[in-house]
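>>> Okay, predicted coordinates and the sequence, questions at the end:
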Amino acid sequence: MPRFSELAAAPDATLDMLALALAAEFHEVDADGAIAELDALGTELRRTADDTDRTPEAIAGACTRTLGVVHGFLGDRATYDHPDNSMLDRVLTRRRGLPILLSVVYVEVARRAGIRLAPVGLPGHFVVAHFGTASPVVLDPFAGGGRITPEVAPALMRPWTAHEVTMRILNNLVATYDRRGDLGAAIRAAAMRLALPSGIDAHERLATELRAQQARLN
């Protein structure tokens, strides 16, 4: 599996590989096993979707049934702040995670099934959407994939890139590790953010935050 720094610099890097390479910076990852699990789920979802009329609503419903109902992917409310909820390999094993990692599962399983499901970052939450209609069909993976109608500005309801999603995962990890007192891991996550594409102002802000964290070690 390519290193995180290589994928962070690759404009065509896929979300599954970015998320697995990110996790590998913190613990040993069975990337082949995780990819095989995503592949198997994708095959199952394709069969379920093929039994529908393949309207966006029906396809979204197939995603909910396969991942939320049959396989029980759900938000981890009991230990929400645990770093495992930000690690794709462990979310696949536990069937529990943060909204953003559950959204990664939905997007990557759907991609394998030939379904264009997109990650969407909202203020304070993360969801997935099928943009095949005038009004996107939005699912909430944290709530078992139920369909929702977010009350947000239309400009916020847009597909996110794989690198944008990865940046938000790292932002979560910086905060999570900092709250748990694991400054070394927080610094590692903060440093990884600098490998991702960002504007000059954003990059400088992230670099400043990293330097501030590193200074706390002294």
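That came in fine, so what should we check first? Numbering: from 1, shown residues only.

>>> so what does the longest helix anywhere in the chain touch, helix or strand wise?
When the chain is parsed with DSSP state H, its longest helix is helix 31-50. Under the contact criterion of 3 or more C-beta pairs under 8 Å, 6 or more residues apart in numbering; DSSP states H and E, helix 31-50 touches helix 15-24, helix 56-63, helix 88-94, helix 99-112. C-beta here means a position set from N, CA and C on the backbone, and glycine is covered the same way.

>>> And E25, what's its pLDDT?
pLDDT for E25: 98.

>>> so it makes contact with I187?
No. Look at E25 against I187 with C-beta atoms under 8 Å: they stay out of range, at 11.7 Å.

>>> then the host helix or strand of D201 to PDB, C-alphas only?
If you go by DSSP states H and E, D201 is part of helix 200-215. Taking Å, rounded to 0.1, in the frame of the first residue of the first chain, the C-alpha atoms of helix 200-215 are listed here in PDB:
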ATOM      1  CA  ILE A 200      -1.500  29.200   1.100                       C
ATOM      2  CA  ASP A 201      -3.400  30.800   4.000                       C
ATOM      3  CA  ALA A 202      -4.800  27.500   5.200                       C
ATOM      4  CA  HIS A 203      -1.400  25.800   4.900                       C
ATOM      5  CA  GLU A 204       0.200  28.500   7.000                       C
ATOM      6  CA  ARG A 205      -2.500  28.200   9.600                       C
ATOM      7  CA  LEU A 206      -2.000  24.500   9.800                       C
ATOM      8  CA  ALA A 207       1.700  24.900  10.100                       C
ATOM      9  CA  THR A 208       1.300  27.400  12.900                       C
ATOM     10  CA  GLU A 209      -1.000  25.000  14.800                       C
ATOM     11  CA  LEU A 210       1.600  22.300  14.400                       C
ATOM     12  CA  ARG A 211       4.400  24.500  15.700                       C
ATOM     13  CA  ALA A 212       2.300  25.400  18.700                       C
ATOM     14  CA  GLN A 213       1.700  21.700  19.500                       C
ATOM     15  CA  GLN A 214       5.300  20.800  19.100                       C
ATOM     16  CA  ALA A 215       6.300  23.700  21.500                       C
END
